[in-house]
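Participant: Next input, structure requested:
(2 chains)
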Amino acid sequence: MLEAITSGLAALLTPQAILFMFVGVVYGLVIGILPGLGGVVAMALLLPFTYGFEIAATLALLLGAHIATIWGDSVTSILFSVPGSAKGLALCFDGYPMTKQGQAQRALSASATGALMGGLIGAVFLALCIPLIRPIILALGPSEYLMMALWGLTVIATFSQGSLMKGLIASVLGVLVAFIGMDVVTATPRFTFGSEFLMDGISFPVAMIGLFAVSEMMKLAIKGTPIVDRTLVQETSTVWQGVKDAFSHWWLVVRSSFLGLWIGVLPGVGASVAGLAAYAQAAQTSKTPERFGKGAVEGVIAPDATMGANEGGGLMPTLAFGIPGGESMAILLVAFIGLGVVPGPDMLTKNLDLVFSMVWIIVIANVLVTLIGLGITPWLARLPSLQANLMVPIVLSVCFVGAYATRSRIEDVLVAAVFGVLGYVMDKYHYSRANFVIGMVLAIMIERNLHISLTLYGRDFLLDRPIALAMLVFVVVTAALPFIRNWRRERARAAARPQGGAA
Amino acid sequence: MKAMRRKMVFAGALAPAVMGIPGRGQAQASNYYKDKIVNINVAGGPSGGHTRYARLIQPYLQKHIGAREVRITNMPGGGGLKAANYIWRAKPDGLQIFFGNVSTLILAPLAGSPGATFDSTKLTYLGRATSEPRVLAVGGKSAIQSIQDVQKLKRPFVYPSQGTDEDFYTMAVLADAFGFKVKAVTGYEGNADTALAVIKGDGDGHITGWSESLGPIRSGDKHPILMVTSQKSPDFPYIPVVTEIAPAPKRATARAMANILETHRSYIGPPGMDPQAVAAFRAAVTAALKDPALLEETRKGERPVAPMEGARQQKVIEEITRASASLSPILKAAVKEIQ
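Facilitator: Next comes the predicted model:
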């Protein structure tokens, strides 16, 4: 094993591998920053250029690019509330408020450091768990995925402060939008009104571009002020502060990283859910959950750590069974086959050095991304203070190009515009856009996995699936925690009052 | 160098039916497509098998067609129907080409799918790239070891499915032919998902392309019990073939299904495509699929090609569609079952 670890690293120390890694990371950062384009697109575009090079170098290029898109996505979410792709969404919730409060540098560096720590924990765990991968994957199934989605739902409460009814209405609206398209259970069109375009459903990244980015730009255009008016709000934070934040919340980082690994191991559970679940976990275990959604740095660190670790987890099904854990891993599988490597159980014995090369790629790419990220943060943090008349046309053009690029369909540009208006109206009347998106992401996942669980195991499926049952208990406990804490606080206050009165 | 390459192309010839015309075809290709951009619309996402093959063949197609560029565009959706509908309405100038599974194009209208707005016999078939055998495999630890075990089951055969794709329809035809009940569990998202369900034992078995199941079969995670093909695989003669072991009264239906599945991954143009473009494209596909460099790549990556020349394919499709009318009620009943 030790030999595989060192030879895995040695394969990455050739000039070609070093160059490819660097190119991949820089390219991934750029792709990640463009809205609508994420890791899958980054890898798919690179794939045709990968034939005929060293195996480790090719993997460095592809995996390096994929890892870099994670932080690239986070940058636009934090600075402009423009999620680069579905997984960057959770970063809008607290990252953007931090930017508006003059804390952009802190948010960016906390996010980069969180992703680095998550990535490292993910890589180490991947290396340690190689012998356990198969039993872990075999122990999990649709019922466990369902519990994961239910956990994501509990975050709705976090964004419903003020009016739970408004929060629920927003979520239901999201669910309804998610149901547009082919029914995943009966394979019949649903809410499509005979339109071929609607048969493929509303694209999630496009809806997000509309709801968050377009509507924010509408607000800016109407107000005529920059996102951050430097005459009113000075940039008060530093890069170092964010780095320190990530380290001082180390326990949150560890928890979030394990969550990311767990989600990565479940094939079919996407990174967008990973971000949301991480956010839910951070908000619910916080002693001050009321700060979430208003610029809490934990809300930035947790999703990035989860997504960083998710990479290591996502590799597991690909390596152990030759079955890709997600779309990006499927592309990696294509690259493997192109390189003459057949993934599957053999990978963990005959090609162990290659597996360790990948572990090293995750480590090195994460370090590179963070170093570059921390280096450019002070410049990036200046962007939100651009004048509205400059910012709005630039961001809007990038958004609409991104909306088109998602599926190469002109109708998606219209969808982004419509969701932009919807997002603006929702924000104005205090219907949480975050809740809308949570409903949209989780609806189909819940529908799929509830249906499969009921069909396979019957109505009492939880009794058949102890892990799912344990997860449900965990979901209930974490959802109840903030309420219990509030109740205790109220009781303590009530108990203190008469005493104070008597004194 | 060019002459040598051409010699090698001839030497590596696979389909005898088209011998003798590639040289002329190549000249036509370079004339018609010269300075043009050809768009290959792949009926699937960037990570799927269709894209994998489209990208693998793309450089060779570009070399033999003489176009300025051969672009790959992904057009996933509706299980390939979106790309097919798009090609059905595309300008017939040969610049918009469909690449994907022909069997979906034949099966969807037979099953009465509301998403199919085309007539599969009127599309222009430009050449088949692969014909991957489809295999019914059960979990490695399953008590089921053969199709006879499935027939003896006292409960329905649990079949994890992604929805109404060609494997779903194939399972319906197999159940009808061998007389067993199927419980289709829909809602799974992709082959990875259904494969894990089978390996874990949540489902009894599933149908996939041979290459997708090869790894798990070799490692013992899956066990193949039936090939849905018209003849036995020379590499795996121990796996029975549906057209040989289906009960006699149902053998014709089984054969129709196997024939449909063997049409597999092909290049297709819009109806009434410009005859010059048709000739040029068909010749280029034939030449590309015989290119020794491509064959070497496919051998290394265990991604075999199985070319069929476009003109022949056009006739085969018409025959298959006519012979498949008997499948329609079986497919419609299976769809009704999950709704």
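Participant: What helices and strands are in contact with whatever helix or strand A:Gly420 lives in?
Facilitator: Taking DSSP states H and E as the definition, A:Gly420 sits inside helix A:411-428. Judged by 3 or more CB pairs under 8 Å, 6 or more residues apart in numbering or on different chains; DSSP states H and E, the packing partners of helix A:411-428 are helix A:204-208, helix A:215-223, helix A:388-407, helix A:433-457. C-beta: built from backbone N, CA, C; applies to glycine.
Participant: would TSV of those helices with mean pLDDT and mean neighbour count be doable?
Facilitator: Shown next, in TSV, are the helices and strands packed on helix A:411-428 (pLDDT from 0 to 100; neighbours: other CB atoms under 10 Å in any protein chain shown):
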stretch	mean pLDDT	mean neighbour count
helix A:204-208	85	27
helix A:215-223	89	18
helix A:388-407	84	19
helix A:433-457	87	23
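Participant: quick one, strands of chain A?
Facilitator: Under the criterion DSSP state E, chain A contains strands at A:181-182, A:189-190.
Participant: Neighbours of residue 283, how many?
Facilitator: Assuming you mean chain A. Around A:Ala283 there are 27 other residues, counting by other CB atoms under 10 Å in any protein chain shown.
Participant: That was the other one, I meant chain B.
Facilitator: B:Ala283 has 28 neighbouring residues, counting by other CB under 10 Å.
Participant: Just confirm yes or no for the host helix or strand of it near chain A.
Facilitator: Secondary structure assignment for B:Ala283, by DSSP H and E: helix B:275-290. No. Counting by CB under 8 Å from any CB of the partner chain, chain A is not contacted by helix B:275-290; separation bottoms out at 15.5 Å.
Participant: For that helix, buried residues please.
Facilitator: Neighbour counts over helix B:275-290 (16 or more other CB atoms under 10 Å in any protein chain shown) mark B:277-290 as buried.
Participant: Most widely separated two among these?
Facilitator: Longest distance between any two of the buried residues of helix B:275-290 is 20.6 Å, between B:Ala277 and B:Lys290; criterion CB to CB.
Participant: that older thread, packing partners of the helix holding B:Ala283?
Facilitator: The contact analysis (3+ CB pairs under 8 Å, 6+ apart) places helix B:275-290 against helix B:22-32, helix B:49-65, strand B:124-128, strand B:265-269, helix B:310-323.
Participant: and the next element down the chain from that helix?
Facilitator: Next element after helix B:275-290 (DSSP H and E): helix B:292-300.
Participant: then that following helix to CSV, C-alphas only?
Facilitator: Coordinates of each C-alpha in helix B:292-300 appear next as CSV, following Å, rounded to 0.1, in the frame of the first residue of the first chain:
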residue,chain,number,x,y,z
PRO,B,292,-7.2,1.3,-38.8
ALA,B,293,-6.4,3.9,-36.3
LEU,B,294,-10.0,4.0,-35.1
LEU,B,295,-10.1,0.2,-35.0
GLU,B,296,-7.0,0.2,-32.8
GLU,B,297,-8.6,2.7,-30.5
THR,B,298,-11.8,0.7,-30.2
ARG,B,299,-9.8,-2.5,-29.5
LYS,B,300,-7.7,-0.8,-26.8
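Participant: For A:Gly162, which non-adjacent residue is closest in space?
Facilitator: Distance criterion CB to CB, 6 or more residues apart in numbering or on different chains; nearest residue to A:Gly162, sequence neighbours excluded, is A:His430 at 6.2 Å.
Participant: what does B:Pro271 give?
Facilitator: Among residues not flanking B:Pro271 along the chain, B:Lys122 sits closest, at 4.3 Å (CB to CB, 6+ apart).
Participant: Where does the one you found sit: helix, strand or coil?
Facilitator: Here B:Lys122 is recorded as coil under DSSP: H, G, I helix; E, B strand; the rest coil.
Participant: Least confident secondary structure element in the chain?
Facilitator: All of this refers to chain A. Within chain A, no helix or strand scores below helix A:327-338, which has a mean of 72 by mean pLDDT, DSSP states H and E.
Participant: contacting residues for residue 54?
Facilitator: Assuming you mean chain A. If you count contacts by CB atoms under 8 Å, 6 or more residues apart in numbering or on different chains, A:Glu54 has them with A:11, A:14, A:16-17.
Participant: oops, I was thinking of chain B
Facilitator: In this structure, B:Ala54 makes contact with B:40, B:42, B:72, B:99, judged by CB under 8 Å, 6+ apart.
Participant: Same list, those residues, but as JSON lines with distance to chain A please.
Facilitator: Formatted as JSON lines, the contacts of B:Ala54 follow (distance: CB to the nearest CB, whole Å):
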{"residue": "B:Ile40", "distance to chain A": "13"}
{"residue": "B:Val42", "distance to chain A": "11"}
{"residue": "B:Ile72", "distance to chain A": "8"}
{"residue": "B:Phe99", "distance to chain A": "15"}
